[in-house]
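**Student:** attaching a predicted model along with its sequence, questions to come.
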Amino acid sequence: MACSSCSTGKDGQPRGCKNNGTCGTDGCNKLTVFDWLSNMSLPNGQQPFDCVEVRFKNSRKEFFRNVDAIPLSIGDVVATQAKAGHDVGIVTLTGELVRVQMRKKKVGFDDKSLPKIYRKATQRDIDIWQKCRNREEEIKKRSREIAISLNLQMKLSDVEFQGDGSKATFYYTAEERVDFRQLIKDMARAFGIRIEMRQIGYRQEAQRLGGIGSCGRELCCSTWLTDFRSVSTASARYQQLALNPQKLAGQCGKLKCCLNYELDMYLEALKDFPSPDTKLQTEKGVAFCQKVDIFKETLWFSYKNDPSNWHALSKQQVQEILDTNKSKGKIDSLEAFSAEKVIEGEAMFENAAGQDSLTRFDRPKKRKQKRKKRRNNKTGNKANV
């Protein structure tokens with residue numbers, strides 16, 4: 001996710017816009033929405049939708065009403081209405097797609113309490129805004145020191161200034177209720193601004209701060225994911241994953257949201273599989289299911305008296321044995337069925353990324369040998385002449 005003007009500088013900041021992910025072209029911002037209706041004109045007589053979507057620091061987005069019909073486009077910096085004073089943000093969406101987003105987030109179109117846009121931000125507004133943004137890291141460090149001195153069991157994760165610099169919102173996470181009245185007094189005295197404390201969850205903290213996940217990509221919550229669904233360990237069990245908290249937990253400390261991405265496909269595939277609690281009745285004893293492979297459609301069973309020896313059976317074979325057991329019959333043994341080898345399909349996904357062998361440089365190059373042979377033949381021919 002990067003705009004055309006971004007390139008890494010010496011200090012890690014983008015050399016083009018130098019806003020580290022908050023560029024004016026809105027090409028490398030978090031939760032960017034692609035306006036696929038931008039090249040389509042409205043029908044005759046229809047007025048443009050008078051609401052726009054504005055993004056502030058990190059992932060915070062709000063809807064504003066364009067009362068004065070100011071011509072706005074994606075990437076414009078605007079001054080918006082706030083509870084006291086004004087705020088500064090970047091327009092991320094205009095037109096009919098804003099109506100879709102408002103319907104998705106259950107925001108009324110005719111809501112009279114919807115804040116409005118004052119104007120396009122002037123150079124003075126932008127200078128004040130940038131000056132406040134530059135103070136955030138220093139203030140966040142100082143506020144954490146004050147919270148530690150007061151022995152408060154909380155973590156201040158982010159600070160967001162209002163566009164005019166009159167107020168700062170502190171986002172924090174805590175396990176229990178925190179009495180931060182003294183903290184607000186000390187910070188207001190130290191910084192000389194109005195203070196607002198807002199508690200967020202651990203997933204919302206990861207969404208605001210961002211980062212790189214174990215998959216090597218940017219966190220889903222900070223790039224495109226907007227709704228946080230509950231994730232349980234049952235999702236890992238259905239997908240035959242090891243219940244290792246270190247591997248299943250994300251940077252927020254909660255279970256990874258991506259555990260739900262393929263869950264529906266696994267549940268759909270498991271409908272045709274026998275239950276993991278299935279018991280097979282044989283002449284040698286009762287057999288229990290030990291493992292299920294959804295992709296190969298194979299199940300492994302072992303006898304109650306010999307749990308260390310597993311026998312691989314296909315899904316169809318297990319179903320045949322269950323049908324036999326339902327008719328009050330028993331098969332001779334699992335070995336009779338497992339002797340029939342389960343035909344495995346050829347792996348069509350090998351070397352999908354074009355990876356070569358690690359020992360490819362240890363092999364002698366054949367081309368050089370051919371060239372040496374050719375040279376030897378030429379010299380031999382010359383000698384014979």
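**Tutor:** Now that the structure is in, tell me what you want to look at.
**Student:** contacting residues for the nearest residue to Leu241 once chain neighbours are set aside?
**Tutor:** The shortest distance from Leu241 to any non-neighbouring residue, by C-beta to C-beta, 6 or more residues apart in numbering, is to Leu248 (7.0 Å). The C-beta positions use only the backbone N, C-alpha and C, and glycine is treated the same way. Leu248 makes contact with Thr233, Ala236, Leu241, Leu255, Lys256, Leu259, according to C-beta atoms under 8 Å, 6 or more residues apart in numbering.
**Student:** does the second one touch Leu259 like I think?
**Tutor:** Meaning Ala236. Yes - under the criterion of C-beta atoms under 8 Å, Ala236 lies in contact with Leu259, with a separation of 6.0 Å.
**Student:** just the buried residues of stretch 217-232, please?
**Tutor:** Glu218, Leu219, Cys220, Cys221, Ser222, Thr223, Leu225, Val231 (16 or more other C-beta atoms under 10 Å).
**Student:** isn't the last one right up against Tyr261?
**Tutor:** In other words, Val231. No - if you go by C-beta under 8 Å, Val231 and Tyr261 don't touch, sitting 10.5 Å apart.
**Student:** strands along this structure, start to end?
**Tutor:** With DSSP state E as the criterion, the chain has strands at 51-55, 61-65, 77-81, 86-93, 117-120, 155-161, 167-173, 194-199, 279-282, 285-293, 298-303, 311-314.
**Student:** export stretch 117-124 as PDB, just CAs?
**Tutor:** The C-alpha trace of stretch 117-124 is given here as PDB (Å, rounded to 0.1, in the frame of the first residue of the first chain):
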ATOM      1  CA  ILE A 117     -17.600  20.800   6.800                       C
ATOM      2  CA  TYR A 118     -16.600  24.400   7.300                       C
ATOM      3  CA  ARG A 119     -14.100  24.900   4.400                       C
ATOM      4  CA  LYS A 120     -11.100  23.600   2.700                       C
ATOM      5  CA  ALA A 121      -8.200  23.800   5.000                       C
ATOM      6  CA  THR A 122      -6.000  26.900   4.600                       C
ATOM      7  CA  GLN A 123      -2.300  26.900   4.800                       C
ATOM      8  CA  ARG A 124      -2.500  28.300   8.400                       C
END
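**Student:** buried sites along that stretch?
**Tutor:** Neighbour-count burial for stretch 117-124 flags Ile117, Tyr118, Ala121 (criterion: 16+ other C-beta under 10 Å).
**Student:** what of stretch 252-261?
**Tutor:** Result for stretch 252-261 [16+ other C-beta under 10 Å]: buried residues Cys252, Lys254, Leu255, Lys256, Cys257, Cys258, Leu259.
**Student:** correct me if wrong: Ile294 contacts Met265.
**Tutor:** No - Ile294 is not in contact with Met265 according to C-beta under 8 Å; the separation is 9.3 Å.
**Student:** neighbour-wise, which of those two wins?
**Tutor:** Ile294 (16 against 11; other C-beta atoms under 10 Å).
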